[in-house]
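1. Structure, please.
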Amino acid sequence: MVISLLAEGPMRYSDIRAQIGPVTAKVLTAALRGLERDGFVARMEQPGPPRSVHYGLTELGRTLLPAIELAVQWAHDHLGAMLDAQEAYDREHARQGRVELR
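-> So this is what the prediction gives:
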């Protein structure tokens, strides 16, 4: 999700967090560090008062965009089938007395 957000250009940490939704600072920081370590995201410090930090995609990170777009399109195309499968699973497991995953 972070890679998709950064496709439009560099963003500040707070803007990334606001757009992702409910995520803890610890989880987002770990995700950004992992993406930076893997070479997909670059952390850029802007000097001067006030100091700010932006995150942007590297060239390697940009190579992921076509694959992500395909995955998003696939999910969109198959959303109905996935929801049907979830409902069938929940019905079957409710009959067996198991707790639903949701």
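
2. Where does pLDDT dip in the chain?
-> Applying pLDDT under 70 to the chain flags residues 98-102.

3. For the top helix by length along it, what is the distance to the chain centroid?
-> Longest helix in the chain, counting residues (DSSP state H): helix 65-95. Using Cα atoms, centre = their mean, to the nearest Å, the mean C-alpha position of helix 65-95 is found 17 Å from that of the whole chain.

4. Can you give me the buried ones in that helix?
-> Buried positions in helix 65-95, judged by neighbour count with 16 or more other Cβ atoms under 10 Å: none. (Glycine included, C-beta is placed from N, CA and C.)

5. And for stretch 13-21?
-> 13, 16-17.

6. Show me those residues that map onto helices.
-> Using DSSP H, the buried residues of stretch 13-21 in helices are 13, 16-17.

7. can I get those in CSV with distance to Met82?
-> Putting these into CSV (distance: Cβ to Cβ, whole Å) gives the following:
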residue, distance to Met82
Tyr13, 32
Ile16, 27
Arg17, 27
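
8. and the longest helix of the chain, what does it pack onto?
-> Identification of packing neighbours for helix 65-95 by 3 or more Cβ pairs under 8 Å, 6 or more residues apart in numbering; DSSP states H and E yields helix 2-6.

9. May I see the buried residues of the helix it packs on?
-> 2-3, 6.

10. and that helix, how far from the chain's centre?
-> With Cα atoms, centre = their mean, you get 7 Å for helix 2-6.

11. Stretch 41-53 too?
-> Taking Cα atoms, centre = their mean, one finds the center of stretch 41-53 at 22 Å from the center of the full chain.

12. Dump it to PDB, keeping only the CA atoms.
-> What follows is stretch 41-53, C-alpha atoms only, in PDB (Å, rounded to 0.1, in the frame of the first residue of the first chain):
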ATOM      1  CA  VAL A  41      11.800   3.500  -0.800                       C
ATOM      2  CA  ALA A  42      14.300   6.300  -0.100                       C
ATOM      3  CA  ARG A  43      14.100   8.400   3.000                       C
ATOM      4  CA  MET A  44      15.000  12.100   2.200                       C
ATOM      5  CA  GLU A  45      15.700  14.600   5.000                       C
ATOM      6  CA  GLN A  46      15.000  18.200   4.100                       C
ATOM      7  CA  PRO A  47      17.400  20.400   6.100                       C
ATOM      8  CA  GLY A  48      16.500  23.700   7.800                       C
ATOM      9  CA  PRO A  49      14.000  24.800  10.200                       C
ATOM     10  CA  PRO A  50      11.700  23.100  10.300                       C
ATOM     11  CA  ARG A  51      13.400  19.800   9.400                       C
ATOM     12  CA  SER A  52      11.200  17.500   7.500                       C
ATOM     13  CA  VAL A  53      11.400  13.900   6.200                       C
END
